[in-house]
Every structure is written in C-alpha cells, then in structure tokens.
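**Q** For reference, the sequence and a predicted model appear below.
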Amino acid sequence: MKTLGAMLSLWGAGLFCLLRRQEGLLPLRMGQALAAELAILRYQICICRRPLPEICEELSGPLWASLGRLLREAADRTLPDCWAEAVSELPPPLDGYLASLGPLLPAGGERLAAAIEETREELTRFLRAEQVRQAEQGRITAALCLSGACLLILVLM
C-alpha cells in the first residue's frame, strides 16, 4: 500500500509538472505562429496588395479570426480601432508588440512593411528570451515537484 501511495505521489508530481509546462508554452506557441503570420501579412499587403479582410480569411490564428469578424461587423469603426480591439484579446506580452501596427495599416506601403518587419524582430527576440526563461522555469518546477513528492513519501512512510 505504501508503494502504491509513493507511486501515485510521484505520478501526481509529474503530471503537475507537465501541466505547468504546457500552460507556460501557450504564449510561446502563439508568438511563434504570429511571427510566421506577420511575414505572410507583410507579403500579402505590401507585395500582393490584397485587402485585409481577404487575408484574415486565409490566416488561421485567433487574431485574424477576431479581426475578420470585427471588420465584417464594423459599420462606423475604423481599421485601427478594429485592430486595437482584436490585438487586445491576445496574451499580455504579445498584444503590446502588435498594437503599434494598427495606425499604419490603412496607409500601407513601405512604412507598414518596415513596421511589420520590426515587430517580427521584436517578437523573435521575445520568443528567444521566453524559451530561455521557460527552460529555467521548467527545471525549477520539476525540482520542486519531485522534492515535494519525495517529502510527502517520506512523511507518509
């Protein structure tokens, strides 16, 4: 019975560690997807000169679905307002990186292309720093979970 309790404690600690890691990876995965989608946005707007609602239909992220919906529903709202509202639905570090693109979207051209590229570079720097932080945090979480489970096993025995 003690062995079963010890195994269940270790299993619970491992599961908790895994769930924390998955939860922490959400902003990282969203950021990676946004960086790729920003490259597509730059190409579609600045090179192909396609309208934003058509681009939103092709891109699959939550930002683009929300922006496409807002653009369809907006009767008296401007494009920067729709962009600001769609970006506000993103997790906290990501919304700040993309908010500056809103005012430049109606104008298009080289200024928008440069702003999108700068945003992608900032996002890439954030993702690199976040990966390092996630690795360190993962090690700390794993150590705390394992030590807590071992302490529980020692107390119960």
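**A** All right, it came through fine.
**Q** helix or strand right after the lowest-mean-pLDDT helix or strand in the chain?
**A** Every helix and strand in the chain was compared by mean pLDDT, DSSP states H and E; the lowest is helix 2-42, with a mean of 82. Using DSSP states H and E, the helix or strand that follows helix 2-42 in sequence is helix 52-58.
**Q** Give me the helices and strands touching that following helix, please.
**A** When contacts are defined as 3 or more C-beta pairs under 8 Å, 6 or more residues apart in numbering; DSSP states H and E, helix 52-58 packs onto helix 2-42, helix 62-73. From N, CA and C alone the C-beta is placed, and that goes for glycine too.
**Q** what's the closest of those helices to A129?
**A** Smallest distance to A129 across the helices and strands packed on helix 52-58 (C-beta to C-beta): 10.4 Å, for helix 2-42.
**Q** and that closest one, what other elements does it pack with?
**A** Judged by 3+ C-beta pairs under 8 Å, 6+ apart, the packing partners of helix 2-42 are helix 52-58, helix 62-73, helix 92-99, helix 109-156.
**Q** Pull out the buried residues from the third one.
**A** With burial defined by 16 or more other C-beta atoms under 10 Å, the residues of helix 92-99 counted as buried are 94, 97-99.
**Q** Return the closest of those with respect to W64.
**A** L98 (11.5 Å).
**Q** how near is that closest one to G68?
**A** Per C-beta to C-beta, to the nearest Å, L98 is found 15 Å from G68.
**Q** Where does pLDDT dip in this protein?
**A** Filtered on pLDDT under 70, the chain yields no residues whatsoever.
**Q** re earlier: distance to D81 added to the helices and strands packed on helix 2-42, as a markdown table?
**A** Output for the helices and strands packed on helix 2-42, formatted as a markdown table (distance: least, C-beta to C-beta, whole Å):
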| stretch | distance to D81 |
| --- | --- |
| helix 52-58 | 13 |
| helix 62-73 | 8 |
| helix 92-99 | 12 |
| helix 109-156 | 17 |
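**Q** Between the ones you listed, which one is closest to E85.
**A** helix 62-73 (5.9 Å).
**Q** helices or strands up against the closest one?
**A** When contacts are defined as 3+ C-beta pairs under 8 Å, 6+ apart, helix 62-73 packs onto helix 2-42, helix 52-58, helix 79-87.
**Q** now do 6 Å
**A** helix 52-58, helix 79-87 (3 or more C-beta pairs under 6 Å, 6 or more residues apart in numbering; DSSP states H and E).
**Q** Check which residues of it are buried.
**A** 63-64, 66-68, 70-71.
**Q** Fine, thanks again, bye for now.
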